[in-house]
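Visitor: Next one to model:
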Amino acid sequence: MIKITLTCLVCTLASTASDTSERKVDPTFLRRHIPDIAEKAADISTNACKYQPLFGEGDADAKALQGVKRFGQATIASRGSCEAISYPDEEQVYVIMEGIGTLDYGGEKTPVKADDFMYLAPGIQHSLANSGTAPLRFFVMGFRVPEGVTAARNLQIANISETKPQTVGGHPDSVLYRLMLGNTSSKRDRLASAHLITSLFLMEFQPGGTNFPHHHDNEEEIYVLLSGTGDMVAGGGMDGIEAKFPATPGDAYFFRLNTTVGFYSSPSSRARILAVRSTYPRDHIH
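Guide: This is a model prediction of the structure:
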């Protein structure tokens with residue numbers, strides 16, 4: 001009897017140790033560097049259209065995201081095109097970073113160029129083609145919405161140059177915001193089109209500027225450093241001190257709700273960050 005009891009105790013301890021070593025804690029933020037991200041097959045992929053998954057669909061930590069379905073970078077070779085797609089339960093945004101092309105949206109074709117951004121409603125088939133000789137590079141953002149959500153069916157498109165640099169209450173004057181796209185009730189964004197997306201915006205930091213570290217109670221957020229250098233803030237401790245990470249162009253961060261988020265631009269560098277916030281879907285999405 002004694003031997004049996006001891007043997008079982010050893011087995012229990014071994015099993016507990018094994019369970020502990022295999023357990024993975026959910027991350028409060030994710031960090032990626034775009035040049036290091038391998039291409040992966042996606043719904044839009046073709047021989048000419050390559051996709052790099054940063055967060056969500058195609059990424060190893062996709063389960064860490066709730067409202068965000070996908071966020072990645074796609075590149076289309078000269079005269080190439082992506083596969084046409086349509087999602088009944090996903091709203092998307094494309095932001096063109098370089099190149100020229102043609103967007104086919106529900107059968108209607110619209111020319112696009114660098115700094116164009118567009119809202120792509122659930123259920124509308126769309127695809128992008130490169131009409132130039134240089135690569136066409138763009139960010140793909142997708143957000144989960146309930147099937148049948150009411151959204152603008154006509155194409156909502158604008159250019160970053162059409163947005164006015166402005167300060168935002170609660171943040172210092174050392175950063176200017178270009179408010180690109182918000183939800184349908186927005187009165188301040190260039191486009192007011194989205195359901196789950198609350199704000200798509202560009203931040204322009206002066207040397208040594210900051211947006212002051214802060215957090216959002218009900219939103220997930222993504223930052224991509226487009227230019228400049230500085231320190232990205234992701235999380236913090238009980239003492240209120242931010243966790244800072246040196247950041248260079250191509251760095252991308254996903255922040256869960258309630259995670260401390262912010263940026264400090266280097267004293268010798270102006271910086272630009274593309275950011276998007278979306279509502280954490282507490283009720284209708286699991």
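
Visitor: you'd agree A84 is up against H126?
Guide: Yes - the criterion here is CB atoms under 8 Å, and A84 meets it with H126 at 6.8 Å. In short, each C-beta sits where N, CA and C put it, glycine included.

Visitor: Quick check on those two: which one has the bigger neighbour count.
Guide: Taking neighbours as other CB atoms under 10 Å, A84 and H126 compare with H126 leading, 22 against 12.

Visitor: burial count for the nearest residue to A134 once chain neighbours are set aside?
Guide: Nearest residue to A134, sequence neighbours excluded (CB to CB, 6 or more residues apart in numbering): G99, at 5.5 Å. Using other CB under 10 Å as the criterion, G99 is surrounded by 21 other residues.

Visitor: Can you pull the phi and psi angles for G99?
Guide: phi 100, psi 180 (degrees, to the nearest 10).

Visitor: Please list all residues in contact with it.
Guide: G99 makes contact with 76, 113-114, 130, 132, 134-138, according to CB atoms under 8 Å, 6 or more residues apart in numbering.

Visitor: and with 6 Å instead?
Guide: 132, 134-136 (CB atoms under 6 Å, 6 or more residues apart in numbering).

Visitor: same question, K69
Guide: For K69, counting by CB under 6 Å, 6+ apart, the contacting residues are 56, 90, 142-144.

Visitor: excluding its backbone neighbours, what's nearest it?
Guide: G142 (4.1 Å).

Visitor: Surely the one you found is in contact with V68?
Guide: No - the pair formed by G142 and V68 falls short of the contact definition of CB atoms under 6 Å, at 7.4 Å.

Visitor: more neighbours, those two?
Guide: The residue with more neighbours, out of G142 and V68, is V68; 25 against 22, by other CB under 10 Å.

Visitor: Would you mind measuring from the more buried one to T279?
Guide: Per CB to CB, to the nearest Å, V68 is found 10 Å from T279.

Visitor: list the residues that contact both of these two?
Guide: With CB under 6 Å, 6+ apart, V68 and T279 have no common neighbours.

Visitor: For A158, which non-adjacent residue is spatially closest?
Guide: A158 sits nearest to R190 (CB to CB, 6+ apart), 4.8 Å away.

Visitor: isn't that neighbour right up against I157?
Guide: No - applying CB under 6 Å as the test, R190 and I157 come out as separate, 10.0 Å apart.

Visitor: So the two - more neighbours on which side?
Guide: R190 (21 against 18).

Visitor: what about that one, distance to E83?
Guide: 28 Å.

Visitor: what do you get for D239?
Guide: 50 Å.

Visitor: can you check V68 too?
Guide: 21 Å.

Visitor: ditto for E91
Guide: The gap separating E91 from E83 is 19 Å, by CB to CB.

Visitor: Between the two, which is the more surrounded one?
Guide: Shown here are E91 and E83; by other CB under 10 Å, E91 has more neighbours (25 against 12).

Visitor: got a list of what the more buried one touches?
Guide: 122, 143, 145, 195.

Visitor: Between which two of the residues you listed is the distance greatest?
Guide: Using CB to CB, the two most remote members of the contacts of E91 are P122 and F143, lying 9.6 Å apart.

Visitor: Looking at the two, which is more packed in?
Guide: The residue with more neighbours, out of P122 and F143, is F143; 27 against 23, by other CB under 10 Å.

Visitor: ok, now which ones touch the closest residue to that one other than its chain neighbours?
Guide: Nearest in space to F143, with sequence neighbours left out and distances taken as CB to CB, 6+ apart, is L196 at 4.2 Å. Taking CB under 6 Å, 6+ apart, we find L196 in contact with 67, 143, 145, 278-279.

Visitor: mind redoing it with 10 Å?
Guide: 67-69, 90-91, 142-146, 149, 183, 219-220, 277-281, 284-285 (CB atoms under 10 Å, 6 or more residues apart in numbering).
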